[in-house]
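Engineer: Whatever this is, show me its structure:
(2 chains)
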Amino acid sequence: MKIVATLLALALFLALAVVRAGAQPSDGALRIGDVLTIGLPGEAALNKDFPVDRKGAITLPEAGALRVAGHSLDAATVMIRDALAHAYRDLDKLSVTLKERRLPLTVLGYVKNPGDVVLAGDANVQTALVAAGGVSQGAQLDRMTVTHADGKREQFDYKKYLDTGDANALPRLAPLDVIFVPASPLTGNVQIDFDGRTLAATGDGGEERSAIRIFGEVNTPATFAYRKGASVIDMIMRAGGVTRYSAPEQIRILNKTKPVIFNLQAYLDTGDTALLPDVEPGATIYVPKSVEEIRSGKLTVYVMGEVAKPGAFETRDGASFIDILANAGGPTRYADTRQIHIIHGDGKITNVDLVKYADGSGGQLPSVKPGDAIFVPEKNESADQPSWLKIAPTRAVQVLGALYKPGRYEWSDEMSLFDLLSNAGGPTAHADISHIQILRKDGDKAAPVLFDLDTFLKGGGSLQNVPKIHAGYVVMVPELPQDTADNKAQWMRQGPERSIYVMGQVGIPGRYAFNTGLGFLDILTAANGPTAGADVRNIRVAHRGEKGSRVSRVNLSAYFATGDEKLLPKVRPGDVIFVPDQSKNYLDEPPSEVVRVLGAVGKPGRYPYSDEMSILDLLAEAGGPTADALQDRIIVVNLSSTQSQAHVFDLLAFAKTGDIRRVPVVRAGDVVYIPNHGQDEWQQITGAIGNMVSAASLAGIAASLSHSSGH
Amino acid sequence: MHKFVVIFVSCLGLSGCFFSEGPWPSEGAGGFAEYLPIQDKQLQDLSDRLDALRQRGAPKYDAAAYADASLLLTRCRREMAAGLTADASADIARLERQIDALEAAVRRKRPDTDRTLS
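Structural biologist: As a prediction, the model looks like this:
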């Protein structure tokens, strides 16, 4: 009974095996790609190979296509014999053999030579890929597919095969299978040529759901394929490790929706594997920057604005303002370093002038405490107009006036006034370089200094005489007046210290620009010279600006007579020149300089007198004696502090004799009196009366004496 | 008593005679003394020095000072001739100083003509 049961089971197994063999071609059945050899002696058309084409048929001579795929070799032999029987009579010696088995495939996708390949019958995916030229860079190795002839699609992990060598990881190939090699999602949608290094650097994560994304401060942030059992350390190492800027204490791992903080530093310090969190498929790992780690920490200071690396920084005890600013990369070229603000945690604001501090005059920099913010604003300037605030007043010189480029210039003491003027474009055509004004500053005081550049340029001199310029000084180059005769408003632009005043009998009296390089005749000529009625012998010059008052008199007539330049006074700006009228007030002439001519002359008066003149000149000047003048009794009174005296000049006798010894001396200050005849008669009358009174008096005295003696 | 009255009145008349205007002053002189010989030795010396300065070019090198000195010499000569001796003495002293200065100026400008150096 037991034997019967065993036989029944064996029979059932064989039956099932037969059924299965009938439903599906066994390995012994012919298939597409097989090569049959048909032999029949004497028939050249048959003694050769007959491949089974893609339709599963062979093409027989005289008989046409005969489908043999799926049939056994014996069955195929029978079928071939039957087919050839119509054309060939003696088929006893017909032989059909399976020469070889071939595997026609199609390889598509990211391979170098996609298309049909024909391989050996036992070929696998790897040989198929090699036949197609190999996979291209960017191919997704773990997600290849094979589509069989019946339309069934099978995905396989070629990478796994490469990793393990397990042939079972590859699908079994059948003729007409289509192998497709997909592109990695990392290649994107744009066709570019990749190199292996780049691809490796960008990760190998092809499966979006399971790939591990690592970014932040790692050397190769990318998406990497998930590997079961890989720790966060493995993944970070896969990404090239953390950078020097990373914050290993605050690595964030997002497993699905659950964030986990991983302290790598603590793990490395302790080796405690319990600190290693699990990394699930599709996890995201973020390695933050160290600064970001302390962004809101208690030791954080913030640096914002125009610095090279703005951000949050961790401060420590002893960290100064400069330390923090240097850690932020320092101010950029656009930073306004004179207006740095420190916004303290309590809301107070401190301004820092870094330029002033760098100059050594800024004192101490404020301390920066955790929680403070340093704001470096952008300076308000352009390339062609740099900010003037960059230069501190202690390093700048102001240049004003008639220069081509007046302005505020940075100063260094090794420069000279000439350097400064040159840098300012030089004086304009209307600049008065003979009166360059330099305002020296010394503490809270300023003192003006005048410099005659014109004279220096013409005459040279010691450079020690050129005023030294220092930072903080003001240099003003005034303008020459346009035309004072036409527009007196221009006078306001001409300082009194460089003006001279000409008044009286000149062509154009007024206020003239003047410098020490000009002389008395220059200014007199500029005023069009003395008029016809000017008294050129008595020009007065009031010298102002001297200690005490001083007025000098200019005898221009004497100058023209002698040509002696010493007769011309030295005039300076500020002086006043007065050219009097010839018909001036007599008070203008002091008595010591005139001779008073009185009496019977045509024009009695006060006449200027010099020792080159004589009484004859005076009489002639005064119109000469009148008709009733006592010309022989002209009286000259010589006034003197010690010995005044009077003498008579007999003009008639002199005229008759020409004896110059009879001409009296006359000096300035003397008096000349010409009596007339009336005065002479009265003198005779008063003289006679006087004589008579004298005679009567003598007679009276004599009579009285005689009368008294008689008694 | 009557006699003394007469004498007193007579004296008054004589006194009126004494205090009344006298005769015309004497005739003056010196108005053209620069054309006459110099009588005063000091003045003559100064005149000679000024003439020497003229020859050494003083009118060219210090024209104004030379003209002033010449004019002052004229004045001195006139005053001396007119008998104004006090004024003349003062002016002679002034003239001497001017000539000294003039000599110094000419010596400075024309050292080759300075005889005192040789």
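
Engineer: got a list of what the residue in chain A that chain B sits nearest to touches?
Structural biologist: Nearest residue of chain A to chain B, counting by C-beta to the nearest C-beta: residue A:664, 2.4 Å away. Where C-beta positions appear, they are placed from N, C-alpha and C, glycine not excepted. Remark: with contacts taken as C-beta atoms under 8 Å, 6 or more residues apart in numbering or on different chains, residue A:664 is in contact with A:615, A:636, A:638, A:647-649, B:27-31, B:82.

Engineer: Would you mind listing the residues in contact with the nearest residue to it once chain neighbours are set aside?
Structural biologist: Here the nearest residue to residue A:664 in space, its sequence neighbours aside, is residue B:28; by C-beta to C-beta, 6 or more residues apart in numbering or on different chains that works out to 2.4 Å. Taking C-beta under 8 Å, 6+ apart as the criterion, residue B:28 is in contact with A:636, A:647-649, A:662-665, B:82.

Engineer: Closest one of those to residue A:602?
Structural biologist: Nearest to residue A:602 out of the contacts of residue B:28 is residue A:649 (C-beta to C-beta; 17.2 Å).

Engineer: Can you give me the pLDDT of the closest residue in space to the closest one that isn't next to it in sequence?
Structural biologist: Leaving aside its chain neighbours, residue A:649 sits nearest to residue A:634 (4.2 Å; criterion: C-beta to C-beta, 6+ apart). Per-residue pLDDT puts residue A:634 at 93.

Engineer: how many neighbours does residue A:634 have?
Structural biologist: Around residue A:634 sit 27 other residues, with neighbours defined as other C-beta atoms under 10 Å in any protein chain shown.

Engineer: got it, and residue A:501?
Structural biologist: For residue A:501, the neighbour count with other C-beta under 10 Å is 20.

Engineer: my guess is it contacts residue A:572, does it?
Structural biologist: No - with contact defined as C-beta atoms under 8 Å, residue A:501 and residue A:572 do not form a contacting pair (11.8 Å).

Engineer: would residue A:597 count as being in a helix?
Structural biologist: No - following the definition DSSP: H, G, I helix; E, B strand; the rest coil, residue A:597 is strand and is not counted among the residues of a helix.

Engineer: and the gap between it and residue B:32?
Structural biologist: With distances taken as C-beta to C-beta, to the nearest Å, residue A:597 is found 19 Å from residue B:32.

Engineer: higher neighbour count, those two?
Structural biologist: Just comparing residue A:597 and residue B:32: by other C-beta under 10 Å the higher neighbour count belongs to residue A:597, 26 against 21.

Engineer: Contact partners for the nearest residue to the more buried one once chain neighbours are set aside?
Structural biologist: Beyond its immediate neighbours in the sequence, the residue positioned closest to residue A:597 (C-beta to C-beta, 6+ apart) is residue A:622, lying 4.3 Å away. Contacts for residue A:622 (C-beta under 8 Å, 6+ apart) come out as A:597, A:601-605, A:607.

Engineer: Show me which pair in those residues is furthest apart.
Structural biologist: The largest separation in the contacts of residue A:622, counting by C-beta to C-beta, is between A:602 and A:607 at 12.2 Å.

Engineer: Name the residue in those two with the higher neighbour count.
Structural biologist: The residue with more neighbours, out of residue A:602 and residue A:607 and counting by other C-beta under 10 Å, is residue A:607; that gives 20 against 14.

Engineer: helices or strands up against the helix or strand containing the more buried one?
Structural biologist: Following DSSP states H and E, the helix or strand that holds residue A:607 is strand A:605-608. The helices and strands touching strand A:605-608, judged by 3 or more C-beta pairs under 8 Å, 6 or more residues apart in numbering or on different chains; DSSP states H and E, are strand A:594-599.

Engineer: other SSEs contacting the strand it packs on?
Structural biologist: The elements that strand A:594-599 packs onto, with contact taken as 3+ C-beta pairs under 8 Å, 6+ apart, are strand A:605-608, helix A:615-621, strand A:671-674.

Engineer: same question for that strand, mean pLDDT?
Structural biologist: Confidence for strand A:594-599, expressed as mean pLDDT, is 91.

Engineer: Now the residue nearest to residue A:306 when sequence neighbours are not counted: phi and psi?
Structural biologist: Nearest residue to residue A:306, sequence neighbours excluded (C-beta to C-beta, 6+ apart): residue A:335, at 3.6 Å. With angles defined as degrees, to the nearest 10, residue A:335 sits at phi -80, psi 140.

Engineer: Isn't residue A:335 up against residue A:379?
Structural biologist: Yes - using C-beta under 8 Å, residue A:335 and residue A:379 qualify as a contacting pair, with a distance of 6.5 Å.

Engineer: between the two, what contacts are shared?
Structural biologist: With C-beta under 8 Å, 6+ apart, residue A:335 and residue A:379 have common neighbours residue A:306.

Engineer: ok so residue A:515 is a helix residue?
Structural biologist: No - looking at residue A:515 with three-state DSSP, it is coil, so not inside a helix.

Engineer: which residues touch it?
Structural biologist: Applying C-beta under 8 Å, 6+ apart, we find residue A:515 in contact with A:432, A:434-435, A:452, A:454-455, A:498, A:573.

Engineer: make it 7 Å
Structural biologist: Each residue near residue A:515 by C-beta atoms under 7 Å, 6 or more residues apart in numbering or on different chains is listed here: A:434-435, A:452, A:454, A:498, A:573.

Engineer: In helices, which of these fall?
Structural biologist: Cross-referencing the contacts of residue A:515 with the helices (criterion: DSSP state H) gives residue A:454 as the overlap.

Engineer: Make JSON lines out of the contacts of residue A:515 and add neighbour count.
Structural biologist: Output for the contacts of residue A:515, formatted as JSON lines (neighbours: other C-beta atoms under 10 Å in any protein chain shown):
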{"residue": "A:434", "neighbour count": "24"}
{"residue": "A:435", "neighbour count": "25"}
{"residue": "A:452", "neighbour count": "18"}
{"residue": "A:454", "neighbour count": "18"}
{"residue": "A:498", "neighbour count": "21"}
{"residue": "A:573", "neighbour count": "22"}
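
Engineer: The contacts of residue A:515: which two are farthest apart?
Structural biologist: Largest separation among these by C-beta to C-beta: A:454 and A:573, giving 13.3 Å.

Engineer: Next, work out how far apart residue A:358 and residue A:352 are.
Structural biologist: Remark: distance between residue A:358 and residue A:352 (C-beta to C-beta) = 11 Å.

Engineer: For residue A:478, see how far away the closest residue to residue A:431 other than its chain neighbours is.
Structural biologist: The shortest distance from residue A:431 to any non-neighbouring residue, by C-beta to C-beta, 6+ apart, is to residue A:402 (3.6 Å). Going from residue A:402 to residue A:478 by C-beta to C-beta gives 7 Å.
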